[in-house]
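A.B. asks: Okay, here's the prediction I keep looking at, along with the sequence it came from:
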Amino acid sequence: MLLSIQSVLALLVILAASLMPTWAAEQEPSVAWEKIDRGVMLIDVRTAEEFAEGHIDGAMNIPFNNIVPELAKLNITKDTEIVLYCRSGNRSDMAQKSLVKQGYSNTYNAGGFNSLISTR
């Protein structure tokens, strides 16, 4: 079975879109700030050292690799609205994926710290 060039290109576009990181679709500073301003749980998933160098007021520091057990320790319900950020959006994406895998249903990857504060 031979596929036309258009069919192959369409399949490649679909494949590329499916491989894009989930944070690429999020990370809208205006959406993140709307949520933050409403007082949702804000978590900085960078290291403690990065957090100490600067963070968004009201943020809690939980490194991305500890996010699931720490939220369980804090008895955070799985429908709690949570905004996550890091330096670039990569670690917050990993944290978000871990949370979603555990059944958390209301998370938002806000992306990178500098991107967020530059829009405020």
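C.D. replies: That came through fine.

A.B. asks: D93 and H55: what is the separation?
C.D. replies: Distance of D93 to H55, given as CB to CB, to the nearest Å: 18 Å. Where you see a C-beta, it was placed from the backbone N, CA and C, and this is true even at glycine.

A.B. asks: Neighbour count: these two, which is higher?
C.D. replies: Using other CB atoms under 10 Å, the more surrounded residue of D93 and H55 is D93, with 22 against 17.

A.B. asks: pLDDT score assigned to the more buried one?
C.D. replies: With respect to pLDDT, D93 scores 95.

A.B. asks: low-confidence ranges in this structure?
C.D. replies: Filtered on pLDDT under 70, the chain yields the residue ranges 1, 3, 7-25.

A.B. asks: for the residue most central in space within it, what are its contacts?
C.D. replies: The residue lying closest to the centre of the chain (CA atoms, centre = their mean) is N109, at 2.2 Å. Applying CB atoms under 8 Å, 6 or more residues apart in numbering, one finds that N109 lies in contact with T22, W23, E26, Q27, L84, Y85, G89, S92, D93, Q96.

A.B. asks: 6 Å - rerun?
C.D. replies: By CB atoms under 6 Å, 6 or more residues apart in numbering, the residues touching N109 are W23, E26, L84, S92, D93, Q96.

A.B. asks: Assign it to helix, strand or coil.
C.D. replies: N109 falls in the strand class when you classify it by DSSP: H, G, I helix; E, B strand; the rest coil.

A.B. asks: same thing with N75?
C.D. replies: coil.
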